[in-house]
Each structure stands twice: as C-alpha cells, then as structure tokens.
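**Q** predicted model and sequence below, questions to follow.
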Amino acid sequence: MMSSAVYDCPVGRLGVAADGDVVCAIDWVSADRSVGPLTPVLRAALDQLDAFFAGRLTRFDLPLAPAPTAFARNLRAAMTAIPFAATASYGELARALASTARAIGAGCGANPLPIVVPCHRVVGAGGRLGGYSGGGGAVTKRALLAHEQAQAALLS
C-alpha cells in the first residue's frame, strides 16, 4: 500500500513516499500535494529527517525500496559510504565502480531518495560543486553540504 507525507525542512518541502514497509521516494513537492496515512515507516523517515536537520543524525537507518539495477545498487552503496560532511568526486566513484563520471552523474540525478542516500556529497573534480537535480539545484546542494559541515564542526 502506497502512503506519503509532506515534510517541511530548511531546503524546501519534501514529499516522502512509502510502499508498504519501505521508503521508496523523496522529492521536492508543492504545497498542494495530498498525503495518506502516516504509517510507521513514514513516521520513522520524518523522525530521522528531523534529527538530521537538527544535527542529531549523521547516517540514516531506514528500510529502503531496493534499487532497480545492479549499477544503481552499487552506486547507492557508494554514496551511503561517503562519510557525513565529506565528499567524493564523480570520477572517484566512477573508478571505484568501473564506470564513467557521466554515468555516475546520471545515476545521482536519478536517485529516488535524496538526502537519505546522499547524492549531494558527490561533487566535481577539484571540489567543484557539480549538478543537483533536487529542490533548487546547486543552491540546495550547497545548503545540504553547508549544513553537514556546520554540524560536523559542532560535533567535534
């Protein structure tokens, strides 16, 4: 059974969708999106997003819908392995996954679970920001990275 919730956060209004007991999508939505019943997995997702934006969570632990392909599974694992407040380049991930930077960029752009699967931590060569398909694009990516770096400084 599909269910959804809306979550207002510092980087916009997020729609969080679940299918049964797994989170299957997070995306930026308008104010007029309808929501369904708040299931336990949606409550957990909202609680963890609250903790992330409050600086109390550095790694999400939610049941996620499986990635659709082997490449997507490998890229998801690589993105979630990037430590909080750190970055990895498209090229570094491409080398690790025997792929191309362009394929990594496309995979990041197709990530159905931004923030939870931290595609915002993937940057261009030399630390260039690179693209971001969510929210306000590069502005949102920059805000997420700045949030993590600020929280990491407070935690140390």
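**A** Sure, I can see it. Residues are numbered from 1 along each chain as shown.
**Q** tell me who's in contact with Val29.
**A** When contacts are counted by CB atoms under 8 Å, 6 or more residues apart in numbering, Val29 touches 6, 13-15. Just so you know, the C-beta spots here come from the backbone N, C-alpha and C atoms, and that holds for glycine as well.
**Q** whoops, Arg13 was the one
**A** 6-7, 28-31.
**Q** buried only: go through those residues for me.
**A** 6-7, 29 (16 or more other CB atoms under 10 Å).
**Q** show me which of those residues is closest to Ala146.
**A** The closest of those to Ala146 turns out to be Tyr7 (CB to CB; 19.5 Å).
**Q** residues touching that closest one, list them.
**A** Tyr7 is in contact with 13-16, 45-46, 49, counting by CB under 8 Å, 6+ apart.
**Q** among those, which are located in strands?
**A** Counting by DSSP state E, the contacts of Tyr7 place 13-16 in strands.
**Q** which among these gets closest to Lys141?
**A** Leu14 (14.7 Å).
**Q** if we can go back for a sec, nearest to Asp21, of the contacts of Arg13?
**A** For the contacts of Arg13, the nearest to Asp21 is Tyr7 (18.6 Å; CB to CB).
**Q** separation between the closest one and Ser99?
**A** 32 Å (CB to CB, to the nearest Å).
**Q** over to Val16?
**A** From Val16 over to Ser99 (counting by CB to CB), the distance is 29 Å.
**Q** and if you look at Pro68?
**A** 16 Å.
**Q** more crowded one of these two?
**A** Ser99 (18 against 10; other CB atoms under 10 Å).
**Q** number of nearby residues for the residue nearest to that one when sequence neighbours are not counted?
**A** Once flanking residues are discounted, Ser99 sits nearest to Phe71: 7.2 Å by CB to CB, 6 or more residues apart in numbering. The number of residues packed near Phe71 is 15, by other CB under 10 Å.
**Q** quick one: Phe71 is in a strand?
**A** No - counting by DSSP: H, G, I helix; E, B strand; the rest coil, one finds Phe71 to be helix, located in no strand.
**Q** for it, give me its contacts.
**A** 97, 99, 103, 107.
**Q** and these, which is closest to Val35?
**A** Gly107 (28.7 Å).
**Q** so what's the residue count around the closest one?
**A** Gly107 has 25 nearby residues by other CB under 10 Å.
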